[in-house]
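# structure for the following, please:
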Amino acid sequence: MIQKQDGQGIVEFALSITVLIFLLFGIVDFGRIFSAYLTLNHASREAARVASVGGSNEEIQRIAFEASEVLKSENVEVLISPQLNRSRGDFVTIHLSYPISVSTPLLNRVIPNPFVIENETSMRVE
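Predicted coordinates:
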């Protein structure tokens, strides 16, 4: 005897749409994190270039903030090594870090929230 299965499609839709929504939020979060990483990568290269041609610490920080303008500049942390006495042939290292919040409900249990993105670039002083 065949029983009526009127609500089966709705139940299957409710179960599958939940998984798809979590997947969609995960894709959006990954895109935000990857975009912030690429922005930090670009900003650290620009700041390292200024440092390698003899820029001051203030110029280096200004360039790092300008190159990462799509991020909140008050959250971007810039570390310059060495701070002083950069002579020709030495390496200068620019380290940038930026915390980004994760908005996917289950993903923030797997990775820390906020997720800190870090990037480091070294160049030889000219």
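# when you work out contacts or count neighbours from here on, use the C-alpha atoms and nothing else.
OK.
# please enumerate the helices of this structure.
8-52, 57-67, 107-110 (DSSP state H).
# tell me the most buried of the ones you listed?
helix 57-67 (a mean of 19; mean count of other C-alpha atoms under 10 Å).
# contact partners of that helix?
39, 42-44, 46-48, 50-51, 73, 76, 78, 80, 83 (C-alpha atoms under 8 Å, 6 or more residues apart in numbering).
# show me which helix or strand of this structure is least confident by mean pLDDT.
helix 107-110 (a mean of 80; mean pLDDT, DSSP states H and E).
# verify the stated contact: residue 118 with residue 95.
Yes - if you go by C-alpha atoms under 8 Å, residue 118 and residue 95 touch, sitting 7.2 Å apart.
# so for those two, which sits in the more crowded spot?
More neighbours surround residue 95 than the other of residue 118 and residue 95, with 21 against 17 (other C-alpha atoms under 10 Å).
# and the more buried one, what are its bridge partners?
Using DSSP bridges, the bridge partners assigned to residue 95 are residue 79, residue 120.
# distance of the residue nearest to residue 76 when sequence neighbours are not counted relative to residue 116?
Nearest non-adjacent residue to residue 76, counting by C-alpha to C-alpha, 6 or more residues apart in numbering: residue 98, 4.9 Å away. Counting by C-alpha to C-alpha, to the nearest Å, the gap from residue 98 to residue 116 is 6 Å.
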